[in-house]
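# The following comprises the amino acid sequence and a computationally predicted model.
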Amino acid sequence: MITRFITDVTTRFNPFSPSAKAARLFLSFLPPNARQQGMNISAQLLPRSSTEKPTLYIKFKDGKEMNIDCEKMNIKTIIEEVDRHSRMLQKEADLAEA
């Protein structure tokens, strides 16, 4: 997963809920040094009794924002969506360099 162009990641989920699996896995795919590279990561854990839906919010360097419903999308689909936009930004950066 290309994380170079991600500036903000915000999640809210109940860690014990099966529907929060995608949000938990997305956080695990982020590199360990992501905060040092300028990425703001905010994860709010809800109590076990919470029935609130898990949310995942991602913001990119170009200003695009993604609000992802973790109940409807699995981790593979989420990573594909993030990589699709990151590859577009990578192409723009490569063209600007040349």
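Here it is on my side, so go on.

# which residue sits farthest out from the middle of the chain?
A98 (29.3 Å; C-alpha atoms, centre = their mean).

# The closest residue to M66 other than its chain neighbours: helix or strand, and which one exactly?
Distances taken as C-beta to C-beta, 6 or more residues apart in numbering put I58 closest to M66, at 4.5 Å, once the chain neighbours are dropped. No exception for glycine: its C-beta is placed from N, CA and C like everyone else's. Element membership of I58 [criterion: DSSP states H and E] is strand 55-60.

# try R87
Counting by DSSP H and E, R87 is found in helix 75-97.

# looking at this, A20 is in a strand?
No. Per DSSP: H, G, I helix; E, B strand; the rest coil, A20 lies outside any strand segment and is helix.

# so what's it up against?
Residues counted as contacts of A20 (C-beta atoms under 8 Å, 6 or more residues apart in numbering) are 13-14, 54, 70.

# what about it, distance to K59?
20 Å (C-beta to C-beta, to the nearest Å).

# and what of L46?
Distance from L46 to K59, by C-beta to C-beta: 21 Å.

# you'd agree the residue nearest to M66 is up against I79?
No. Using C-beta atoms under 8 Å, I58 is not in contact with I79, being 11.0 Å away.

# what's the angle between the strand ranked longest in the chain and strand 55-60?
Using DSSP state E, we find that the single longest strand of the chain is strand 6-13. Between the axes of strand 6-13 and strand 55-60, defined by axes from the mean of the first three to the mean of the last three C-alpha atoms, to 10 degrees, the angle is 180 degrees.
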